[in-house]
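>>> Starting from these lines, generate the structure:
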Amino acid sequence: MLVALILLICWPLAELYVAIRVADAIGVTAMIVLLIATWPLGSWALRRQGAAAWRRLGAAVAEGRAPGREVLDGALVLIGGVLLIIPGFISDLVGALALLAPTRGLMRALLARNVRSRLVVRTVAPGSRPDVVDSTARDLDQPRLRP
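Now for the predicted structure:
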């Protein structure tokens with residue numbers, strides 16, 4: 001929670017700092033044109049890469065295999081496209097990295113490891129064993145099973 005709050009405060013300040021430095025280097029007009037140009041590029045990439053990710057997801061489901069990789073790819077494509085639409089040079093860089101296949105593979109691996117570790121930590125109570133299930137089963141009368 002604290003990390004999200006710090007990121008929420010620091011990200012816009014970092015974007016503003018980078019925008020000022022870029023404006024000093026290439027001029028204010030060129031900086032504004034660059035920021036505006038990434039919006040249609042992000043929209044196009046989101047449609048194109050999103051459609052491809054959707055097709056890969058459908059193919060994985062049709063083959064009967066778990067679509068974990070495809071779901072993460074789709075999420076990264078969505079995040080990358082949205083970051084390209086949001087004005088800012090840092091967000092554009094992170095968005096472009098999320099849309100490029102080689103760097104998306106690295107991001108996917110990091111994200112999968114992080115999600116997997118958080119899921120295991122959150123689903124297993126501290127001090128308990130994950131392989132022991134404490135539950136009770138009851139038999140129901142046949143008439144209660146039918147709608």
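>>> all contacts plus neighbour counts: C-alpha atoms, from now on.
Fine.
>>> Report how many residues lie close to residue 80.
Other residues lying near residue 80 total 26 when counted by other C-alpha atoms under 10 Å.
>>> ugh, typo on my part, it should be residue 91
Residue neighbour count, defined by other C-alpha under 10 Å, stands at 19 for residue 91.
>>> Show me where the protein has its strands.
Using DSSP state E, no strands are found in the chain.
>>> what about it, any weak spots by pLDDT?
Along the chain, segments meeting pLDDT under 70 span 116-147.
>>> List phi and psi for residue 86.
Note on residue 86: backbone dihedrals following degrees, to the nearest 10 are phi -70, psi 130.
>>> I meant residue 88, not that one.
phi 150, psi 140.
>>> who touches the residue lying closest to it once chain neighbours are set aside in this structure?
Spatial nearest neighbour of residue 88, excluding adjacent residues (C-alpha to C-alpha, 6 or more residues apart in numbering): residue 15 at 5.7 Å. For residue 15, the contact set (C-alpha atoms under 8 Å, 6 or more residues apart in numbering) comprises 88, 89, 90, 91.
>>> change it to 10 Å
21, 87, 88, 89, 90, 91 (C-alpha atoms under 10 Å, 6 or more residues apart in numbering).
>>> just residue 42 next, same as before
Neighbour list for residue 42: 48, 78, 80-86, 92, 95-96, 99 [criterion: C-alpha under 10 Å, 6+ apart].
>>> do you know how far residue 29 is from residue 92?
Distance, residue 29 to residue 92, using C-alpha to C-alpha, to the nearest Å: 18 Å.
>>> If you count surrounding residues, which of the two has more?
Comparing residue 29 with residue 92 by neighbour count (other C-alpha under 10 Å), the higher total belongs to residue 92, at 22 against 10.
>>> Which residue ranges of the protein form helices?
Per DSSP state H, the chain carries helices over the ranges 2-26, 28-63, 68-85, 89-99, 101-123, 142-145.
>>> contacting residues for the residue nearest to residue 60 when sequence neighbours are not counted?
Nearest residue to residue 60, sequence neighbours excluded (C-alpha to C-alpha, 6+ apart): residue 67, at 5.5 Å. Residues counted as contacts of residue 67 (C-alpha under 10 Å, 6+ apart) are 56, 57, 58, 59, 60, 61, 73.
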